[in-house]
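# compute the structure for the input listed below.
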Amino acid sequence: QVQLVESGGGLVQAGESLRLSCAASGSIFRTDSMGWYRQAPGQERDFVARITDDGTTNYSDSVKGRFTISRYNPNNSVFLDMNGLKPEDTAVYYCHVEARTTLGATYGMPFWGKGALVTVSS
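You can find the predicted model right below:
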């Protein structure tokens with residue numbers, strides 16, 4: 001199967017920056033979309049950013065212009081550079097990857113990481 005391991009979370013002050021990383025490993029023939037979601041306490045999990053295999057990116061309105069998603073295909077990694085962090089960015093951030101796990105698969109299956117906590121103090 002596929003395992004996702006996030007790293008880079010932590011406690012920062014408002015206005016500071018953090019970089020989240022996610023590495024996918026296991027039986028992967030190809031990764032399609034890679035992205036990040038977040039879940040604040042008492043809230044639903046929300047979309048943050050996504051990058052397709054051709055490099056097309058999408059962002060939620062709340063992070064557009066402050067966050068940048070990127071990927072490194074040789075080791076199936078995705079990154080989220082977060083600048084100008086605000087207290088409302090406090091959440092557990094989850095890596096999401098659509099990976100093709102069998103040769104000849106025509107679409108990727110969804111996999112989730114266990115999450116990385118980001119806390120932004122005011």
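# mind checking which helix or strand the spatially most central residue of the chain is in?
Nearest residue to the geometric centre of the chain (CA atoms, centre = their mean): residue 36, 2.7 Å. Take DSSP states H and E as the rule and residue 36 turns out to sit in strand 30-39.
# what residues does the helix or strand that that strand is followed by touch?
Next helix or strand after strand 30-39 toward the C-terminus (DSSP H and E): strand 45-51. Residues outside strand 45-51 that contact it (CB atoms under 8 Å, 6 or more residues apart in numbering): 33-39, 57-60, 63, 67, 69-71, 78, 80, 93-94, 96. C-beta here means a position set from N, CA and C on the backbone, and glycine is covered the same way.
# one more: stretch 58-78?
21-25, 28, 31, 34-36, 46-51, 53, 55, 57, 79-85, 88-89, 95, 97, 99.
# what's the mean pLDDT across that stretch?
The pLDDT scores in stretch 58-78 average 97.
# for it, how far is the first residue from the last?
End-to-end distance for stretch 58-78, by CA to CA, to the nearest Å: 14 Å.
# what comes up buried for it?
59, 63, 67, 68, 69, 71, 76, 77, 78 (16 or more other CB atoms under 10 Å).
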